[in-house]
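Undergrad: sequence first, then the predicted structure:
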Amino acid sequence: MERSMLRRRALAACAATVAVGALGLAGLTGTASADPSPRLPAAGAEQLSPGLLKAMQRDLGLTAGQAYERIGNESRAVAVVAGLQGSLGHGFAGARVSGETAELTVATTDAADTGRIAEAGARPVVVDHSLAELTSAKAALDRVALRRAPKDVPAWYVDVATNRVVVQAGRGAAAEAFLAAAGVARDLVTVVQSVDVPRTFADLRGGDAYYMNGSGRCSIGFPVKRGTQGGFVSAGHCGTPGVSTSGYNQQAQGSFQGSTFPGRDYSWVAANTSWTPRPLVNGYGNGDVTVTGSTEALEGSSVCRSGSTTGWHCGTVQQRNSSVTYQEGTVSGVTRTNVCAEPGDSGGSFVSGSQAQGVTSGGTGNCSQGGTTYFQPVNPALQAYGLTLVTSGTPTDPPTDPTDPPTDPGGTWTAGTAYAAGDVVTYGSGSYRCLQGHQAQPGWTPPNVPALWQAL
């Protein structure tokens, strides 16, 4: 197939248990300290792939020490923002990291919040529009696009750095018509001239290859489980429910159980018992990456992609919750990056440190001249199909299907929150320690899911 198929928040990470002020500026900006090795999240230094660190050095212009330090600072920045987002309330206007060692910037619409932000170890910026206001404007554009994909408007997204909704358009008139149809105020928007024509990339493998009905080829995103059933998530455009798959060795593998595209770009394949899910991403000769969770990285964070056509390539998260129009229709909720990709990298894994981020969707450009690539975040896919990401140290299986508890016994555990390994929560009268990073879903309460929580 000449045209390849490659497309298709939970910042609140245990905010109540994070001592934000203790992190300090030194922990976030890389200022020298007595400990020469930055503290990393639950993954630990031994979990970081040499191949990933090497690709970060090449593509981001970092030394090995800077790459290591950046990953640690990015992970801690997520925890800082989790605490600030709740305390700033409606004034919160987004957060991002920047620079070689990931300096944290937090925006607010209320100048009175700047002291609190600075005390938490972040650089405060006062802006005009809250993140909620900008997100609402983008959602209005998404609703219009769902009815009919806009012509000559390849992409739009909330840009935290400029405090605007950015609309890319081939013609100014097309952008203005799009805004008018959605009823979005012009002062919220920056229109950027663009000749990009996003396309889907795949047909070959991204992580490990798999084949659809013995012909087209896509890539495994991340291994998952649903109860005792193993499988993997990938791009939704790769196949529809019922389509059979075979593995990289052309042996029978499984079939698509769910798929969404356009609108979103995710799918999941149930594999037969000959295939064992592993918490790994193909390292292409540089050592496989061990996946320890799926905590969403902040805008500006480093992110790396594994793909069979071009191997490891890295860049940064540009904008989350973006929308992009492909020939087949509009896909919303994807993350925009400056990581390059080419046909054959479709469905491949995006990781930040040891945290799963998403599966490669589509974009523009190539790895000779650079380009823009979008990935479908993995957590919405897990939630859509009731799946659990396979990570290092998974002791047992979670329940097959999450179900709502009959009553709320109280405690700090909350559905929808992203928890990291080692986090401690209360549920009812008990306390529990998180065993593997995950985004909590209704019914996956600590007493019910021993694979994810250990009673204390």
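TA: Structure received. Numbers count the residues shown, from 1 in each chain.
Undergrad: shaky segments in this protein?
TA: Flagging of the chain using pLDDT under 70 yields the residue ranges 1-47, 199-206, 285-286, 393-408, 416, 436-444, 448-451.
Undergrad: one more pass at 50, please.
TA: Along the chain, segments meeting pLDDT under 50 span 1-45, 202-206, 395-406.
Undergrad: what segments of it are helices?
TA: For the chain, the helices defined by DSSP state H occupy 20-29, 50-60, 64-88, 114-119, 131-147, 172-182, 378-385.
Undergrad: next one: the longest one to chain centre, how far?
TA: In this case it means helix 64-88. Between the centre of helix 64-88 and the centre of its host chain there is 15 Å, according to Cα atoms, centre = their mean, to the nearest Å.
Undergrad: same for the lengthiest strand in the chain, what does it pack against?
TA: Counting by DSSP state E, the longest strand found in the chain is strand 311-326. On a contact count with 3 or more Cβ pairs under 8 Å, 6 or more residues apart in numbering; DSSP states H and E, strand 311-326 meets helix 50-60, helix 131-147, strand 155-159, strand 302-307, strand 329-337, strand 355-366, strand 370-377. Every residue, glycine included, has its C-beta placed from N, CA and C.
Undergrad: any idea of the angle the first one forms with strand 302-307?
TA: Taking axes from the mean of the first three to the mean of the last three Cα atoms, to 10 degrees, helix 50-60 and strand 302-307 form an angle of 110 degrees between their directions.
Undergrad: which residues does helix 50-60 contact?
TA: Contacts with helix 50-60, where a contact means Cβ atoms under 8 Å, 6 or more residues apart in numbering, come from 62-64, 66-68, 70, 100, 283-289, 302, 304, 312-316, 339, 351, 353.
Undergrad: which of these are buried?
TA: For the contacts of helix 50-60, a burial check counting by 16 or more other Cβ atoms under 10 Å picks out 62, 66-68, 70, 283-284, 286, 288-289, 302, 304, 312-316, 339, 351, 353.
Undergrad: on that earlier part again, the helices and strands packed on strand 311-326: which one's closest to Gly411?
TA: Using Cβ to Cβ as the measure, strand 355-366 is the one of these that comes nearest Gly411, at 25.2 Å.
Undergrad: could you list every helix and strand in contact with that closest one?
TA: Taking 3+ Cβ pairs under 8 Å, 6+ apart as the contact cut, strand 355-366 packs with strand 199-200, strand 302-307, strand 311-326, strand 329-337, strand 349-352, strand 370-377, helix 378-385.
Undergrad: now with 7 Å?
TA: Here strand 355-366 touches strand 302-307, strand 329-337, strand 349-352, strand 370-377, helix 378-385, going by 3 or more Cβ pairs under 7 Å, 6 or more residues apart in numbering; DSSP states H and E.
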